[in-house]
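Asks: here is my input; please provide its structure:
(one chain, ligands or ions: 3)
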Amino acid sequence: MDSLKEDQSDTQAIDNINEDAQNISEKEDTEKDMAPPVGNSIHRSGSRPQLDLSGAAIQGNFEERDPTILLPNQSDDISHLALDIGGSLIKLVYFSRHEDRAVNDKRKMSTKERFGVTNGNRRSFPILGGRLHFVKFETTKINECLEFIHSKQLHRGDNDNAVIKATGGGAYKFADLFKEKLGVVIDKEDEMNCLVSGANFLLKAIRHEAFTHKEGHKEFVQIDHNDMYPYLLVNIGSGVSLIKVDGDGKFQRVSGTNVGGGTYWGLGKLLTKCKSFDELLELSQRGDNSSVDMLVGDIYGGLDYSKIGLSASTIASSFGKVISENKEIEDYRPEDISLSLLRMISYNIGQISYLTALQLGIKRIFFGGFFIRGHAYTMDTISFAIKFWSKGGAEAMFLRHEGFLGALGAFMSYEKHGLDDLMVHQLVERFPMGAPYTGGKIHGPPLGDLNEKISWMEKFVRKGIKITAPVPMASPRTTGLGGFEAPSSKGDALRCDESNLNVGVLHLVPSLEVFPLLADPKTYEPNTIDLADPNELEYWFTVLSEHLPDLVDKAVASEGGTDDARRRGDAFARAFSAHLARLMEEPAAYGKLGLANLLELREECLREFNFFDAYSTIKQRENEASLAVLPDLLMELDSMSEETRLLTLIEGVLAANIFDWGSRACVDLYHKGTIIEIYRMSRKKMQRPWRVDDFDAFKERMGFGDKKPSFRHKRALLFVDNSGADVVLGMLPLARELLRRGTEVVLVGNSLPALNDVTAMELPEIVAEAAKHCDILRGAAEAGGLLMDAMSNPQDNPSEKLSSTPLMVVENGCGSPCIDLRQVSSELAAVAKDADLVILEGMGRALHTNYNARFKCDALKLAMVKNQRLAEKLIKGNIYDCVCRYEPAS
Ligand SMILES: Nc1ncnc2c1ncn2[C@@H]1O[C@H](COP(=O)(O)OP(=O)(O)O)[C@@H](O)[C@H]1O
Ligand SMILES: CC(C)(COP(=O)(O)O)[C@@H](O)C(=O)NCCC(=O)O
Ligand SMILES: [Mn+2]
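Replies: Numbering: from 1, shown residues only. Ligands and ions are numbered 1, 2, ... in the order given. Below is the predicted model:
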C-alpha cells in the first residue's frame, strides 16, 4: 500500500514547507477537468426579490452626481410601512418579507424526524423572516416620498384597509395628501410614545446600537436589558425633546428647547446661503469660530480666567465678537459662521440635557434625532459638554439609528407584525450597496441585483475607489478636540446620504438562536482580533484588498466567465472596495468591527452580485481527489492501535486544514503540486509538540490516560471547515473514530458557501461517497438518516448489522468562514442540547473567532495557522504552526 503518511524521520521544520512544495513535481493536476459543480440554486434567490425594471428611468440630469432613479413598477413584498413626518425630514421604516422557498434538503427530514429536532419548523412561518429598511426624505420634498412609496407599493402591504401608522406633526398636516395621492388613511401615533418605543426597541434588539463618542472615536456600549432605566432621551430634531424613560411605555417629557436642529439649519441657511444641510455642516469643518465668537481671551486681553477655570479659548459669548466689529455679513466666512452656530447649539443642548439629568438624578443620556447626522464633531461637542458640566459624572451616548426612533416606534405600534419579542440574536444587519437605504435621491429598491444594480455601481459609486490596490490609510475622522477648542480637521467632504453606510438593512431571521453550549453568552465575544487597533485594521484591509483580484477571477469563472459575470465581478469588487474604504475611514461605521465581520461582508457582497459559490469547481475537484484516496487512509488507520490512531487522526485534521483558498500563502502552495501531494507533505511535516498542544489532555479525556476509566462522549458536534482533503481526509476519519467509540456525531456545516468551505447541503453527498468504502460511516449515516435516499435497498443492507450510532449533518446558520455562536441555526441549537463535545476546526472558526470562547462542555479547537502575522500575534509562532487546544467543560 502506498502509505499516505510517509516516513516521519524527516525532521525538517514545517516552515520549510514552501521550499518543499517547490520540489514537488510540477505535475498537471489531473482532476482539473472534472465534472462541473453540482448545481445549487436553493439559496440563490431565497432572500432577494427580483426587480421589476420595466419603465426604469433616471430622472433629471444624467451628469448630476446623484440623479434620481425611478423604478415605477417594482414592488417588494411589503407587509408594514410606518412614517415619522417631522418638521424637517420624513423618516420611513418598512418591512419586506421574504418567504423561505421549499428546500429539498435530505438532511432536514432525517434530523428532524429521527432526533426530535422540531424547532426548525419555526422557519416556515411566512410572516417572520424579512427585512427592515430605513429611508429618509426632506419634508419639503414630500412628493418624492409619496412617489417612492407608490413606486414600491409600500402602502399596500398586508393592510386591506390601507392604513399606515405615522407619527410626527406631518401625520396630521399631510393626512389629506396621503389620502388623495395614495388612497391611504394615516393612523396617527403619539410622537413621544413612538420615540420611546423606538429607542427601547433599538437598545434591546440591536447589539451595537449605542455608543459614546470621544475625540473622534466611537465606543460601543453594552446595554444591560435588566438595568436600562431610567434614562434621559434627548431627541434633537427640528426642535428638541427631553424625555425621562422609566420602562416600556413609561415615560414623561420633562423638558424641551426650541433651539435645535431646525435652528442650526435655519439660521445657517440665512447667514451662509447654503443650499443644503450637509453643505452647511461641511462648511463647519473648515471653520474657525474665533472670528465670530467672543472668547474669554478677547475679554481678558488674551489671558485665561483661571480663577473660575475658563481658558482664554473658551467661548464667552457665541457670535459676541460681531458686536464690536464694524463688518457686514459678507465680511465673515460662511465656514466660521457655520462652526460658531454648530457649537452654540450643541453646547446649549448639552448643557440643558445635563441640567435636566442632574435634576432628575439620571446618569445615562441618549441622544437621537437627525441633527446629529453621525457627525463626529457634533457628537464630540455634545459629549464634551456633558462631561464638562457633570465633571465626568454623566455620559452622552448616541444611537446608530439616531433619526429613526419615531418611525420605528410607529412601526412597532402595528398590532400584528409579530416583531414584539424580537431578540438580538434574530437580527442580522447587512449593508447592501447601490441603493438608497438612507437616502432620499435615488428611488429604487434597497436590494437591487443584476443590471440596474450593476449600472448603479458603475455610474454612481464615486470614482477613485481602487479595486486592486490596498485601501489607503486615512486619519481617523475626528473633527476636533471637542469642547471649547476649534476643530483640528481640515474638512474633507461629508459623505452624501447615498453612500453614507451607517445603518444597514436589518434582516430578521427568527430561526437564529444563541448556541446553547456557550458557557457565558453575555461575555462571549466572537472576534479574537480587535480591529480597533489601527495596525491590525490596516494589515487585514490590505490582505483583503490584495486578495480581491484573484477572488473576482474565481467568482467570474464560477459563473462561466461570461461578459455578464465579468460585469458583476467588477461591480462586486467596487462594492467591496467601497465598504473597505468606508470602514477604513470609520471602522465603527457599521457597529463594532472584527475580522469576522469583514470576512462575512465579503461573502455577502459576492452574494449581492449573484455569485453564489465562487469556489464551486475547486471544491468539487478537491472532494473527488480526496475521496479517491480515502479508502487507503482508512486502511492505514485501521492497522494502528487505538491510541496511535487518535494521534494520527488529530494530526490528519491539522495537516488537511492546509487546503484553504482564503489564505494567500496556501494558494501559492497549490500551484506547486497536486492535492494529494500537498496533503502528504503537510502530514509529513506534522511534528509535536504543536505550538499549542493539549493533545495529551484530550487523549486522557478520551479514556487513554492511566488515571481515568474509559470514557466516551455522548454526542460530538464537529464544526467542519474546508471542502476536499480537509473534510474528507481530516474530519470524516475523526468522525468515524468517534462513531466507532459510540459517540453520536453531528457534522456542522455552513448554511451558505464561503470561500472553499463545505456547506451542510454538500455534506450528505460527500458522506454517501465515503460510506461506499466504510461500513462504520455507512451504518452511522443510515442511522442518522443521511443515506435514506442515496443508499441502495435497505433490505440488502440491514442496518442492524451496522453501527447504529448516528451520524448527522446540520447547518450552522451562517455563510462566512467564521462563526458567531450567538447566532446559529435553530437546528444546530437543538442538536447541541445533547452534545458534550464540541470540535471547532479551521482558522476562521477556531482562531479568528472562538479561540477564547468557553463552553459548557468539552471543547477541542483544531487549526493550522496559515498566516504569518496571526501566527506571531496569537501563538507566538510561525505560519503553518498548528493549534490543538483542548478545554474541558467549564
Ligand atoms: N438632509 C437633511 N436635511 C435637512 N435637515 C437635516 C438633514 N440631515 C440632518 N438634518 C438635521 O436634522 C434635523 C431634523 O431632524 P429630525 O430628527 O428628522 O427631526 P424632525 O422630525 O423635526 O424633522 C434638521 O433640523 C437638521 O438640523
Ligand atoms: C479566510 C480564512 C479565515 C479561512 O481559513 P480556514 O477557516 O479555512 O482555516 C483564512 O484563510 C484567512 O484568514 N485568510 C486571510 C489571510 C491570508 O491570506 O493570509
Ligand atoms: Mn475555510
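Asks: show me what contacts the residue of the stretch 501-650 of the chain found nearest ligand 2?
Replies: For the stretch 501-650 of the chain, the residue closest to ligand 2 is Val543, as judged by Cβ to the nearest ligand atom, at 4.9 Å. Backbone N, C-alpha and C define where each C-beta goes, glycine included. The contact partners of Val543, by Cβ atoms under 8 Å, 6 or more residues apart in numbering, come to Arg664, Asn867.
Asks: quickly find the element holding it.
Replies: For Val543, the enclosing helix or strand under DSSP states H and E is helix 534-558.
Asks: please apply the same query to Gln351.
Replies: helix 334-360.
Asks: what packs against that helix?
Replies: The helices and strands touching helix 334-360, judged by 3 or more Cβ pairs under 8 Å, 6 or more residues apart in numbering; DSSP states H and E, are strand 231-236, strand 240-247, strand 250-257, helix 261-272, helix 277-284, strand 315-317, strand 364-368, helix 376-390.
Asks: so can I have TSV of the ones you listed showing mean neighbour count, mean pLDDT and distance to ligand 1?
Replies: Formatted as TSV, the helices and strands packed on helix 334-360 follow (neighbours: other Cβ atoms under 10 Å; pLDDT from 0 to 100; distance: least, Cβ to the nearest ligand atom, whole Å):
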stretch	mean neighbour count	mean pLDDT	distance to ligand 1
strand 231-236	27	98	7
strand 240-247	20	98	9
strand 250-257	16	97	12
helix 261-272	19	97	3
helix 277-284	22	92	4
strand 315-317	18	91	20
strand 364-368	24	97	7
helix 376-390	23	91	10
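Asks: possible to save these as TSV with distance to Gly815?
Replies: Converted to TSV, those look like this (distance: least, Cβ to Cβ, whole Å):
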stretch	distance to Gly815
strand 231-236	36
strand 240-247	37
strand 250-257	40
helix 261-272	40
helix 277-284	35
strand 315-317	52
strand 364-368	33
helix 376-390	33
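Asks: ligand 3: which of those is closest?
Replies: helix 376-390 (36.7 Å; Cβ to the ion).
Asks: just list the residues touching whichever residue of the stretch 401-550 of the chain sits closest to ligand 1, thanks.
Replies: Closest to ligand 1 within the stretch 401-550 of the chain is Gly403: 4.5 Å, counting by Cβ to the nearest ligand atom. Each residue near Gly403 by Cβ under 8 Å, 6+ apart is listed here: Leu89, Lys91, Lys136, Gly237, Gly368, Gly369, Phe370, Ile372, Arg373.
Asks: ok, so of these, who is nearest Gly169?
Replies: Nearest to Gly169, judged by Cβ to Cβ, of the contacts of Gly403 is Gly237 at 10.2 Å.
Asks: my guess is that closest one meets Ser88, correct?
Replies: Yes: counting by Cβ atoms under 8 Å, Ser88 is a contact partner of Gly237 at 6.7 Å.
Asks: anything in contact with each of these two?
Replies: With Cβ under 8 Å, 6+ apart, Gly237 and Ser88 have common neighbours Gly261, Gly262, Phe370.
Asks: looking at the protein, which helix or strand does the model trust least?
Replies: Lowest by mean pLDDT, DSSP states H and E among the helices and strands of the chain is strand 68-70, with a mean of 37.
Asks: now do stretch 658-665, average pLDDT.
Replies: Looking at stretch 658-665 alone, the average pLDDT works out to 93.
Asks: could you dump that stretch to CSV, C-alpha only?
Replies: Below are the C-alpha coordinates for stretch 658-665, written out as CSV (Å, rounded to 0.1, in the frame of the first residue of the first chain):
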residue,chain,number,x,y,z
ILE,A,658,-3.9,23.4,4.8
PHE,A,659,-6.4,23.5,2.0
ASP,A,660,-7.7,27.0,2.5
TRP,A,661,-8.3,29.2,-0.5
GLY,A,662,-8.7,32.2,1.7
SER,A,663,-5.0,32.2,2.6
ARG,A,664,-2.6,33.8,0.3
ALA,A,665,0.3,31.7,1.3
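Asks: quick one: buried residues of that stretch?
Replies: Within stretch 658-665, the residues that count as buried by 16 or more other Cβ atoms under 10 Å are Ile658, Phe659, Asp660, Trp661, Gly662, Ser663, Arg664.
Asks: in contact with the last one, which residues?
Replies: Taking Cβ under 8 Å, 6+ apart as the criterion, Arg664 is in contact with Val543, Glu546, His547, Asn867.
Asks: farthest-separated two in those?
Replies: Glu546 and Asn867 (12.5 Å).
Asks: who has more neighbours, those two?
Replies: Between Glu546 and Asn867, counted using other Cβ atoms under 10 Å, the more crowded position is Asn867 (23 against 13).
Asks: can you name the residues of this protein sitting close to ligand 2?
Replies: Neighbours of ligand 2 within the chain, by Cβ under 6 Å from any ligand atom: 543, 599, 657, 660, 662-665, 721-722, 755, 817, 842-845, 848, 863, 866-867.
Asks: which of those residues fall in helices?
Replies: Judged by DSSP state H, the subset of those located in helices is Val543, Leu599, Arg664, Ala665.
Asks: circling back: higher neighbour count, Gly237 and Ser88?
Replies: Summary of the neighbour comparison: Gly237 and Ser88, criterion other Cβ under 10 Å, with Gly237 having more neighbours (25 against 21).
Asks: against Phe178, how distant is the more buried one?
Replies: As judged by Cβ to Cβ, to the nearest Å, Gly237 and Phe178 stand 20 Å apart.
Asks: shouldn't the residue of the stretch 401-550 of the chain closest to ligand 1 be within a strand?
Replies: No: the assignment for Gly403, made by DSSP: H, G, I helix; E, B strand; the rest coil, is helix rather than a strand.
Asks: roughly how far apart are the residue nearest the centre of the chain and Trp540?
Replies: Note on the chain: the residue nearest the mean C-alpha position is Asn597, at 4.8 Å, using Cα atoms, centre = their mean. Asn597 sits at a distance of 11 Å from Trp540 (criterion: Cβ to Cβ).
Asks: what residues does this structure have near ligand 3?
Replies: Within the chain, the positions near ligand 3 by Cβ under 5 Å from the ion are Asp721, Asn722, Asp757, Pro817, Gly842.
Asks: which residues sit in contact with the first one?
Replies: What that stands for is Asp721. Taking Cβ under 8 Å, 6+ apart as the criterion, Asp721 is in contact with Asn657, Asp660, Val727, Met731, Asp757, Val758, Pro817, Glu841, Gly842, Met843, Gly844, Arg845.
Asks: and the closest residue to Met702 other than its chain neighbours, what does it touch?
Replies: In space, and not counting its chain neighbours, Met702 is closest to Leu646: 6.3 Å by Cβ to Cβ, 6 or more residues apart in numbering. By Cβ under 8 Å, 6+ apart, Leu646 lies in contact with Lys699, Met702, Phe704, Glu737.
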